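Peer 1: Okay, predicted coordinates and the sequence, questions at the end:
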Amino acid sequence: MTFTQALTDRTLRLNTRLCVGLDPRAGAYRDAAHLRAHTLEVLEAAAPSAACVKPQLAFFEALGLPGFALLEEVCAAARTLGLPVILDGKRGDIGSTAAAYAQGWLGGPHAGDALTVNPFLGFGTLTPFVEAARANGGAVFVLVKTSNPDQADLQGQGVSERIAVELARLGAEERLEAGEYASVGAVVGATHTGDLATFRALMPRAPLLLPGLGAQGAKAGDLAAAFHPGGTGAVASASRAVQYASGLDVGAARDAARTLRDELNAALGI
Ligand SMILES: O=C(O)c1cc(=O)[nH]c(=O)n1[C@@H]1O[C@H](COP(=O)(O)O)[C@@H](O)[C@H]1O
């Protein structure tokens, strides 16, 4: 099963459109062992409410080599729990370097996972990522309009819509059954509620990743326009609002994930 098939399957089977972000902050823990234990505990606690999990690579890179070992453990645990993995790396570079990123994060041990990708260097630089995703049953989520207020400096609506049109074109190259999504997805900040219907319409076959739920102010009740009827085609993502819902209380993380899942479903009338 490909990443997008697994995501849709879990969304419908568990009735959840929540992506749980894992952004373990070293400063929140006594030591590396504490960080590791808490991160794995949160993953397990939130999993029943999650359609997928999104480790942010920056927080693992910040830990040096032990961070890479922990990332492998997180990915393995997610697989055991049946959770598709989106590696949030926002990678992008000239084509030859992009190929190395694609090999590292969409091939080998990460085959079948998805990766967030930055299109700033041009549409041609997406090719190695898209090819690796297609070859390995994975997916890419390309930044279209990010959740942060500063995005407006460079991401005018015209730019974001141009990216969306290109992603739709790439998605249309794939032969899909009814209800299936392409391996080329898009990141649209959940904070841009007024734009969700536009991007949904521009990219009918793209799975959408909507980050910004919770800590950045986006509300589950405002995101219905990003979904297709039946509640497929998008996942909304929260990191701090789950992992640190109440300090390091794992029960609170479990409850927060459940609540966000339920709020997303309520907004869709599901
Ligand atoms: O690609 C992402 O996931 C992403 C895109 C975006 O536009 N905004 C955004 O916040 N993110 C990531 O989503 C996570 C948001 O974290 P919280 O604000 O704690 O939920 C971080 O890991 C960000 O790097």
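Peer 2: Arrived safely. Numbers count the residues shown, from 1 in each chain.

Peer 1: and the gap between the closest residue to L70 other than its chain neighbours and L71?
Peer 2: In space, and not counting its chain neighbours, L70 is closest to R36: 5.4 Å by C-beta to C-beta, 6 or more residues apart in numbering. Where you see a C-beta, it was placed from the backbone N, CA and C, and this is true even at glycine. R36 sits 11 Å away from L71, going by C-beta to C-beta, to the nearest Å.

Peer 1: picking up where we left off before, for the residue nearest to L70, give its distance to the ligand.
Peer 2: Distance, R36 to the ligand, using C-beta to the nearest ligand atom, to the nearest Å: 18 Å.

Peer 1: what comes up buried for the helix or strand harbouring that residue?
Peer 2: Assigned by DSSP states H and E, R36 belongs to helix 32-46. Using 16 or more other C-beta atoms under 10 Å as the test for burial, helix 32-46 gives 32, 35-36, 38-40, 42-43, 45-46.

Peer 1: Stretch 152-166 now?
Peer 2: Neighbour-count burial for stretch 152-166, with 16+ other C-beta under 10 Å as criterion, is recorded at 155, 160-161, 163-164, 166.

Peer 1: what's the answer for stretch 118-132, then?
Peer 2: For stretch 118-132, a neighbour-count test (16+ other C-beta under 10 Å) marks 118-119, 125-126, 128-130, 132 as buried.

Peer 1: How about stretch 14-24?
Peer 2: Under the neighbour-count criterion of 16+ other C-beta under 10 Å, stretch 14-24 has 14, 16-24 buried.

Peer 1: For the ligand, tell me which of the residues you listed show up nearby.
Peer 2: Among the buried residues of stretch 14-24, the residues within reach of the ligand (C-beta under 6 Å from any ligand atom) are 21, 23.

Peer 1: could the buried residues of stretch 14-24 go into JSON lines alongside distance to V235?
Peer 2: Formatted as JSON lines, the buried residues of stretch 14-24 follow (distance: C-beta to C-beta, whole Å):
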{"residue": "L14", "distance to V235": "12"}
{"residue": "T16", "distance to V235": "9"}
{"residue": "R17", "distance to V235": "5"}
{"residue": "L18", "distance to V235": "7"}
{"residue": "C19", "distance to V235": "4"}
{"residue": "V20", "distance to V235": "10"}
{"residue": "G21", "distance to V235": "11"}
{"residue": "L22", "distance to V235": "14"}
{"residue": "D23", "distance to V235": "16"}
{"residue": "P24", "distance to V235": "20"}
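
Peer 1: Redo the buried residues of stretch 14-24 as CSV? Include pLDDT and secondary structure.
Peer 2: Formatted as CSV, the buried residues of stretch 14-24 follow (pLDDT from 0 to 100; DSSP: H, G, I helix; E, B strand; the rest coil):
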residue, pLDDT, secondary structure
L14, 98, helix
T16, 98, coil
R17, 98, coil
L18, 98, strand
C19, 99, strand
V20, 98, strand
G21, 98, strand
L22, 98, strand
D23, 98, coil
P24, 98, coil
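
Peer 1: Just after the helix holding R36, pick out the following helix or strand.
Peer 2: strand 52-55.

Peer 1: which other helices and strands contact the next helix or strand after that next one?
Peer 2: Following strand 52-55 in sequence order, the next helix or strand is helix 57-61 (DSSP H and E). Secondary-structure packing of helix 57-61 (3 or more C-beta pairs under 8 Å, 6 or more residues apart in numbering; DSSP states H and E): helix 65-80, strand 86-91.
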